[in-house]
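S.K.: Below are the sequence and a predicted model; questions follow.
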Amino acid sequence: MTMLDIFPNWLLAHGPAFLMALPLLLAAITAILPNEKIAWFSSFAVTLICTVTAFALALNNIQNGVSVYPLGGWDPPHGIALVIDALNAPILVLIAFMAVITIIYALPATIAEVEPKKRAPFYAAFLLCMAGLLGMVVTGDAFNVFVFLEVSSIATYTLVAMGASRDRRALRAAYNYLILGSIGATFFVIGIGFLYMETGTLNMAGMARILHDLEGGSRVAKVAFGFIIVGLGLKLAMFPLHMWLPGAYAYSPTPVTTFLSSTATKAALYLLLRFIFFVFDPDFEYVASVLTYVLVTLGVVGMLFASMQAIFQIDARRMLAFSSIAQVGYMLLGIGIATTASVAAGYLHLINHAIIKGGLFLALGAMWYRFGITRISDFKGMAKMMPWTMGAFTISGFSLIGVPFTAGFVSKYQLATAAAGAGWWWAVGVIVVTSILAIFYIGQALLLAYFQDPPKIEGRTVAKNEAPLAMLVPMWMLVFASIVIGMRGGVIVDASWRAAIFLLGGGQ
Amino acid sequence: MRDPHILLRVVSKFLIPLIALFAFYVQFHGDYGPGGGFQAGVILAASVILYGLVFGIAATKTAFPPSWIRIGMTLGVLLYGGTGVLSFLLGGEFLNYSVFSHNPSHGQHYGILAVELGVLCTVASVMVAIFYAFGSRQPGVPNIENANEDG
């Protein structure tokens, strides 16, 4: 109550529109700004405002329940509504918060990784990407989701391609991502089209109501469901559809990799949750069978296969990228088991993984910034060369493995408990096995960093050279977030339960 | 020296203003019938592109400098978004045009005009920008040199 009183009423009332409009408008202004400093500062201000707004809206949602904002004054069945509910409020906070982290980090990182002429446009594209992500999470209209999905995707392709000044392979990665991402978006919009044909509305709550009355609907609804799952699967890098991801993560500028890994795939996962449990219903027979046979199978195969691939990577960023695909598998497993506890666990892992992977990528970027390191074999003696950065990498790495008192442990433990509770004992085994595989791929980097001496160049040991403060601060903010969630996960665990109860009802 | 394309030049000189005029007809007819900012923007850009095809891209770039085109792209977005912000400042929801006038339906009219003008501005500029991007592309000589160095 007291926290909510700080925020003025107009912010709570119009906040949903701010979230998407502010970054969008500022992106337009930034695009013609010649000066990167002004661009950075205004981007920082907007991401900060968005974080505060998202936070206020999330608090408001906890206290006052679902709020609907009719855009342009047109009420939902006809107009586009922006909806804040228990499912999307935490994701909005996550996206806005990660944007702040990334923008702080981008100040030194863009100077090293992006060519001077493209730095102001970099911020414009970044804001556009953020506007798209926030928009697709906040909107309650299915077609609007597609529009914002494309806004964020197109901005992302540009951002990935900006890595070209560091590594020319970024261009190929961006092109790959462009083709696969567009196919994904096409599948998604075909699915929306079929759903519109079936229900006659684009409002997601309306769709849900009509599909419920039709008890799942005709074959058209089934086809729509299939298209939407495949389309979103491409966007969130579901196991066999993940081919775009390693390249895009490995060659784009570090801030972009961080932002992508912690928000873009997460927003797509949110949409998957929204469509499976909110628009459709796991009680429909076809949805239930897709959950059990497709999502769980692909999730588990992805967990094992991608973890294994991560072990054999030479490039450190590719290793983390494959690990991301494996982590998506955990979330899909949680969604696929489809009990309230498992969805809560999947949702929690979504947030935790964003924080963990963000920290890891930021640490890797700092190592590249100081020593030009990209390969795992270059980690030799890193603990002596960059103790703070390596410390952040280590704690985030432990969190990824699932060591107790870190965020990763909380969500993996919840997922294992949920799987056991639903009688899926073999899934518990898979979670344990992939965690052991994570020890291997994170461990090989840690071993080199802590138990080897720094390399010698012309007979002299490479001196200690810590990352600048603008990199260390965001990195350690994520590390602290990870530890705090691990020690006393209260708020975020509650948020994940609220989301799961909102979707599935009940609760334990 | 005789110009081989004299017919094209004369006819397009006659047609280009008409195409531009038609674009504005589509633009301002948009709130009563088929049409609107997007279509109008494309038609307006088509007149510029026709000019570019007939008189060459250099002449087009002096008539419509790329820097202006870039500003045009963002100006349209700002016009659209600014309408939303204005409606918010006047006490309505974002993009609720009813607050622009005492009579809500007049307000809706003004609002949609401003928004469509923004769309026209952005769409026309983006179309011309795409034309410039493809039209001014040089053969990839520098790339080939780089590739040889790498190999």
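M.R.: Thanks, I have it.

S.K.: which parts of the stretch 51-200 of chain A sit against chain B?
M.R.: Selection of the stretch 51-200 of chain A residues close to chain B by CB under 8 Å from any CB of the partner chain yields A:69-73. Where C-beta positions appear, they are placed from N, C-alpha and C, glycine not excepted.

S.K.: give me the low-pLDDT residue ranges for chain B?
M.R.: For chain B, applying pLDDT under 70 flags the ranges B:1-2, B:139-151.

S.K.: pLDDT-wise, which helix or strand of chain A ranks last?
M.R.: With mean pLDDT, DSSP states H and E as the measure, the helix or strand of chain A carrying the lowest mean pLDDT is helix A:2-5 (a mean of 72).

S.K.: could you point out which element follows that helix?
M.R.: Taking DSSP states H and E as the definition, the helix or strand that follows helix A:2-5 towards the C-terminus is helix A:9-32.

S.K.: Show me what counts as buried in that next one.
M.R.: By 16 or more other CB atoms under 10 Å in any protein chain shown, the buried positions in helix A:9-32 come out as A:11-12, A:14-32.

S.K.: Return the subset of the residues of the stretch 51-200 of chain A next to chain B lying in strands.
M.R.: Assigned to strands by DSSP state E, the following of those qualify: A:69-70.

S.K.: quick check: longest helix of chain B.
M.R.: Determined from DSSP state H, the single longest helix within chain B is helix B:104-135.

S.K.: now the angle from it to helix A:9-32?
M.R.: What separates the directions of helix B:104-135 and helix A:9-32 is an angle of 30 degrees, with axes from the mean of the first three to the mean of the last three CA atoms, to 10 degrees.

S.K.: Which residue ranges of chain B form helices?
M.R.: Counting by DSSP H, chain B has helices at residues B:6-29, B:37-55, B:57-63, B:66-89, B:104-135, B:141-150.

S.K.: I'd like the distance between the residue nearest the centre of chain B and chain A.
M.R.: Residue closest to the average C-alpha location in chain B (CA atoms, centre = their mean): residue B:124, at 1.1 Å. Applying CB to the nearest CB, to the nearest Å, one obtains 16 Å for the distance of residue B:124 from chain A.

S.K.: list the contacts for that residue?
M.R.: Contact criterion CB atoms under 8 Å, 6 or more residues apart in numbering or on different chains gives B:23, B:40-42, B:44-45, B:48, B:72 as the residues in contact with residue B:124.

S.K.: winner for burial among the helices of chain B?
M.R.: A comparison of these by mean neighbour count, using mean count of other CB atoms under 10 Å in any protein chain shown, puts helix B:37-55 on top with a mean of 20.

S.K.: Can you give me the separation between residue B:121 and chain A?
M.R.: With the distance defined as CB to the nearest CB, residue B:121 ends up 11 Å from chain A.

S.K.: In this structure that residue contacts residue B:78, no?
M.R.: No. Under the contact definition of CB atoms under 8 Å, residue B:121 does not touch residue B:78, with a separation of 9.2 Å.

S.K.: Smallest gap between the stretch 151-300 of chain A and chain B, at which residue?
M.R.: For the stretch 151-300 of chain A, the residue closest to chain B is residue A:168, as judged by CB to the nearest CB, at 8.8 Å.

S.K.: May I have the distance across stretch A:365-385, first residue to last?
M.R.: Across its full length, stretch A:365-385 reaches 15 Å between end residues, using CA to CA, to the nearest Å.

S.K.: Identify each buried residue in it, please.
M.R.: Buried residues in stretch A:365-385, defined by neighbour count with 16+ other CB under 10 Å: A:365-371, A:373-374, A:376, A:378-385.

S.K.: for chain A, which spans come out with low pLDDT?
M.R.: Where chain A drops into low confidence, which here means pLDDT under 70, it does so at A:1-2, A:506-508.

S.K.: Kindly report the residues of it close to chain B.
M.R.: Looking at chain B, the residues of chain A close enough under CB under 8 Å from any CB are A:14, A:17, A:21, A:24-25, A:28-29, A:31-32, A:69-73.

S.K.: biggest separation within those residues, which pair?
M.R.: With distances taken as CB to CB, the most widely separated pair in those is A:32 and A:70, at 32.0 Å.

S.K.: and residue 12, what is it in contact with?
M.R.: I'll assume chain A. Shown here is residue A:12, whose contacts under the criterion CB under 8 Å, 6+ apart are A:4, A:56-57, A:60, A:67.

S.K.: wrong one, I was asking about chain B
M.R.: For residue B:12, the residues meeting the contact criterion (CB under 8 Å, 6+ apart) are B:50-51, B:54.
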